[in-house]
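Undergrad: Return atomic coordinates for the entry below.
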Amino acid sequence: MSERFGLRWQVVLVGLLFAASLIVLLSSSLAAVSVPGHEAELQRQLIAASRRMAESAASLLDNPDDLRRKKAPGEWHRRLAVITNEALSDLYGVEGGFYLGGEWNQFTGFAFPNNPHGPSEPPPPPGKRPQGKKGRGKHPLPVEDIELPARREPPPNERDSIYAQCKASLNVPLDVAPIVQITEIPPSRVLVVTEPVGQMRPAAMSTWVMTRLTRPEHMVSDLHRYLTSAILALAGIVVSLLLTINLGHNLRRERQQRERLREELRRSEHLAALGKLLAGVAHEVRNPLAAIRSTVQLYQRLPEHSRDPSTLEAVLHGVDRLNDLVGRLLYFVRSGHEARRPVDINAVVEETLTLLRAQAEAQRVELRTELASSLPPLLGSGQTFQQVVLNLTTNALQAMPNGGTLLCRTRRLEDPPRIELSVADTGPGISPEELPHLFEPFHTTRTEGTGLGLALCREIVQQHNGTIELDRAVGWGAVFRVTLPL
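TA: Residues are numbered from 1 along each chain as shown. Just a heads-up that it's a prediction; the model follows:
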């Protein structure tokens, strides 16, 4: 129950982090996507405002002598400020004015009707931005009643850049669009539009209109958004680390449970095999016991002078058969519980063939070996490996009573790394009818056999995570291949 509860909270935490990260990502993406469109709209608005200012101020240049004589006194400044105020009244955060070139070389007509960074106007709260006055071209108040800003020049940070752009505008041809520049002036990014006034070139006057595309408050907002993203990313990394550690613990626990289940399954299969063995033991033991009993009873009934010790040879044969049966059954019981250590499979093959060499020579069977050199050792029980080799080679010799060839071969296989042991003989082979029952306990085609040899081989090989199978090859009767992993 606690594991399920912990897993549920982990899923909820991951879901919340994912949702928060997705929201921040969408917010940042929307802000980034909207920047080009917002800047394009601001540029269009500033060009239109600059055009209105130039058209309204063109009438003041009809008498250049009067302009030169007055040298832009206060009344000129007041009139140009009214024109700027009317042109920018509908725009928020925009300020502008005029530049007089030539011998005047000064700024005039400055206005910031809706600029939140004006010298006497604090920034309004969101949603309460001041609205511009309606009715362009006519101001509701007389010119002399308009309150003018104290200064005439652009803001100090942007003054030099606007000054250079205004001087360049005085010589712009009539068919050229206004000069539009976006300049990085820390801590802001400024959009400035300038346009010459009148038809003369070089012009006597030019307009300038500017707005800050990025302001310090924007940078603070971006910093907060980046900080939130960094916190969420750090939290995601920490949670991912915790989940990875928890996953490692779960995998380790699952592996231990899998090993435990595998061991229980191996024991269950072992018990099932023992059950089959016990079912066959009753039949295999009864025959020798019946022969022993009848022989002993017959021996007891004979008179003393007629009792011949040779009569007890049948008893000894029956006891030997029972002893061999019990020995093979003990291999089944002990299989998988022997101490495992590195074993040289080539040495096991050579030692086993040495034990069978006398029997092979008596049957005129040629023993051949093809043992791969430099084989790595196998981890297992040398005694059980020798039992596998002995059972397979003994079966091969029994299949060739009139002579033949017995071949034992070892080699290393890759992908995955393993060692293959094959035992081949030139006997008659195994009939197709016997194949389904080849590894069943107590199944044999020989009258003297117990039927436990191949069953014991399969049990030992499976205990070492290997495989054993019957193969066919040209020129050979039966070929048994044993594959054991390194």
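
Undergrad: From Leu470, how far off is Pro155?
TA: Taking CB to CB, to the nearest Å as the measure, Pro155 falls 96 Å from Leu470. No exception for glycine: its C-beta is placed from N, CA and C like everyone else's.

Undergrad: Looking at these two, which is more packed in?
TA: Pro155 (20 against 15; other CB atoms under 10 Å).

Undergrad: So, low pLDDT: which residues of the stretch 351-486 of the chain?
TA: Within the stretch 351-486 of the chain, the stretches with pLDDT under 70 are 441-451.

Undergrad: can we see that at 80?
TA: The stretch 351-486 of the chain contains residues with pLDDT under 80 at 381, 435-453.

Undergrad: Where does Arg357 fall, secondary structure wise?
TA: Assigning secondary structure by DSSP states H and E places Arg357 in helix 345-362.

Undergrad: Same check on Gln165?
TA: For Gln165, the host element (DSSP H and E) is helix 156-169.

Undergrad: So which other helices or strands are in contact with that helix?
TA: Packing partners of helix 156-169 (3 or more CB pairs under 8 Å, 6 or more residues apart in numbering; DSSP states H and E): strand 94-100, strand 179-185, strand 188-197, strand 205-214.

Undergrad: tell me the helices in the stretch 351-486 of the chain, going along the chain?
TA: Counting by DSSP state H, counting those that start in this stretch, the stretch 351-486 of the chain has these helices, from start to end: 382-398, 453-463.

Undergrad: In space, what's closest to Pro196 - neighbours in sequence excluded?
TA: Once flanking residues are discounted, Pro196 sits nearest to Ala203: 3.7 Å by CB to CB, 6 or more residues apart in numbering.

Undergrad: Which secondary structure state does that neighbour sit in?
TA: coil (DSSP: H, G, I helix; E, B strand; the rest coil).

Undergrad: Measure how buried it is and give me the count.
TA: By the measure other CB under 10 Å, the count of residues near Ala203 is 23.

Undergrad: The chain should start at 723 in everything you say after this.
TA: I'll keep to 723 as the first residue from here, and by that count the last item is Ala925.

Undergrad: Could you measure from it over to Arg1194?
TA: Distance from Ala925 to Arg1194, by CB to CB: 105 Å.

Undergrad: ditto for Ala1200
TA: Distance from Ala1200 to Arg1194, by CB to CB: 8 Å.

Undergrad: Quickly list what's touching both of these two.
TA: Gly1151 (CB atoms under 8 Å, 6 or more residues apart in numbering).

Undergrad: Looking at those two, which one has more neighbours?
TA: Ala1200 (21 against 11).

Undergrad: isn't that one right next to Gly1151, touching?
TA: Yes - assessed by CB atoms under 8 Å, Ala1200 is found in contact with Gly1151 at 5.1 Å.

Undergrad: so which of the helices and strands packed on helix 878-891 comes closest to Ala1177?
TA: Distance to Ala1177, taken as CB to CB, is lowest for strand 927-936 among those, at 84.5 Å.

Undergrad: What pairs with that closest one, parallel or antiparallel?
TA: strand 816-822 (antiparallel), strand 910-919 (antiparallel) (DSSP bridges).

Undergrad: contacting residues around the first one?
TA: Translated: strand 816-822. 767-768, 771-772, 775, 779, 794, 802-803, 806, 809-810, 828-834, 836-837, 840, 874, 876-877, 884-885, 888-889, 916, 919, 926-933.

Undergrad: low pLDDT regions in the stretch 873-1022 of the chain?
TA: 873-874, 899, 908-909, 936-966, 968-970, 985, 987-1022.

Undergrad: one more time with 70, if that's ok
TA: Across the stretch 873-1022 of the chain (using pLDDT under 70), the flagged ranges come out as 937-948, 951, 954, 991-1013, 1015-1022.

Undergrad: follow-up on the earlier one: now the helices and strands packed on helix 878-891 as TSV including mean neighbour count and distance to Cys1179?
TA: Formatted as TSV, those follow (neighbours: other CB atoms under 10 Å; distance: least, CB to CB, whole Å):
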stretch	mean neighbour count	distance to Cys1179
strand 816-822	27	95
strand 901-907	15	84
strand 910-919	23	84
strand 927-936	25	82
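
Undergrad: nearest to Leu738, of those?
TA: Shortest distance between Leu738 and the helices and strands packed on helix 878-891, using CB to CB, is found for strand 927-936: 32.0 Å.

Undergrad: still on that earlier bit, I'd guessed the residue nearest to Pro918 sits against Leu896; true?
TA: No - the pair Ala925 / Leu896 is not scored as a contact, 9.9 Å apart, by CB under 8 Å.

Undergrad: can I see the domain layout of this protein?
TA: Using automatic domain parsing, the domain parsing of the chain gives 738-843+856-936, 1059-1207.

Undergrad: and Leu987, which of these is closest to it?
TA: Across the domains of the chain, closest to Leu987 is domain 1059-1207 (CB to CB), at 11.4 Å.

Undergrad: mind checking how far Ile769 is from Pro1123?
TA: From Ile769 over to Pro1123 the distance is 112 Å, taken as CB to CB.
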